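>>> A predicted structure for the sequence below; I have some questions about it.
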Amino acid sequence: MLNRIEGIVIRAMDYGEGHKIITLYTKEAGRVTVMARGAKKLKSRFSAIAQLFTYGEFVFFKTGAMGTLNHGEIIRSHHLLREDLLKAAYASYIAEMIDRMTEHEAGSSALFEQLEAAFEAIEDGKDPQIVAHVMEMKILEFSGYGPEFEACVSCGRETGLSVLSFQLGGVLCSPCQTKDPSARHIEEGTWKLLRLFRRMDLRRLGKISVKNETKKQIKPILRGLMDTHIGIQWKARNFLDQMEKYEI
């Protein structure tokens, strides 16, 4: 069966001497796996469109679990993401989240649009850490673990919110702090930013400047929520940690 679909390459793996197996994320069909024959060869007509992060239109034959690429047209190459180590690392983390948290034949136009917008934002020079944090929030929402920031997760009170519980998945008011002794205090500015991330549309992301001190607070918060409720060892995130450790 011949299929024509727009997708973004979120994983690319060498196969044999000259081929690649690519995983696409699409609006209609979620994750799609396609064999791009000869794509490793420089003169191949598939070498460019099979590159990681490429947004294109893909035409492929599918008779089983994996399709075979027949034709492809690049819509946006996102080549700047591949040419900068830091941008590539953050884009890889975002791509890995999409790859590991979505399913075959279960597309989401909203998530697809946020993925493409995230790549565009990083490529355009927006702070990649902030873009990645917004995508972490999107993934938490998509997976059903979106944190509660507006009311106490224990009693529903909307005032006196002072700490965040990773285990309970949201904020606690002062009287309910004892429900989670490990809950952590969050500065007011950080609260505001986390609430903003919750409703932010990356397609409309303007110039955003976040102080390094605030970013240092946000990172362990999003990581704590991701690790508590999703619990995946992210390969790309580990690489980002190594980059930070050695100041690459």
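On my side now, so go ahead.

>>> quick check: residue 57 is in a helix.
No - under the criterion used here (DSSP: H, G, I helix; E, B strand; the rest coil), residue 57 is strand, not part of a helix.

>>> the residue nearest the centre of the chain sits in which helix or strand?
Centrality entry for the chain: nearest residue to the mean C-alpha point is residue 94, 2.9 Å, by Cα atoms, centre = their mean. If you go by DSSP states H and E, residue 94 is part of helix 85-101.

>>> chain center to that helix, what's the gap?
The chain centre lies 6 Å from the centre of helix 85-101; the measure is Cα atoms, centre = their mean, to the nearest Å.

>>> heads up, I number from 26, so please use that
All set: I'll call the first residue 26, so the last point we hit is now helix 110-126.

>>> that helix: what's the following helix or strand?
Downstream of helix 110-126 (by DSSP H and E), the next one is helix 134-148.

>>> give me the contacts around that next one.
33, 35, 50-52, 78, 80, 101, 103, 105-106, 112, 115-116, 119-120, 123, 127, 153, 156-157, 159-160, 163, 167, 226-228, 230 (Cβ atoms under 8 Å, 6 or more residues apart in numbering). Every residue, glycine included, has its C-beta placed from N, CA and C.

>>> and for residue 203, the neighbour number?
By the criterion of other Cβ atoms under 10 Å, residue 203 has 10 neighbours.

>>> assumed it was part of a helix.
Yes - under three-state DSSP, residue 203 sits within a helix.

>>> could I get the phi/psi values of the residue of the chain most remote from its centre?
Farthest-out residue of the chain from its mean C-alpha position, per Cα atoms, centre = their mean: residue 200, at 35.4 Å. Residue 200 has phi and psi values of phi -60, psi -20 when expressed as degrees, to the nearest 10.

>>> can you give me the neighbour number for residue 30?
By other Cβ under 10 Å, the residues close to residue 30 number 18.

>>> return the backbone torsion pair for it.
phi -150, psi 150.

>>> where does residue 157 land in three-state SS?
helix.

>>> for stretch 151-166, buried residues please.
151-165 (16 or more other Cβ atoms under 10 Å).

>>> state the number of residues packed around residue 218.
23.

>>> what of residue 211?
20.

>>> give me the neighbour count for the spatially closest residue to it that is not a sequence neighbour.
Counting by Cβ to Cβ, 6 or more residues apart in numbering, residue 189 is the residue found nearest to residue 211 once chain neighbours are left out, at 5.4 Å. By other Cβ under 10 Å, 25 other residues sit near residue 189.

>>> good, wrapping up.
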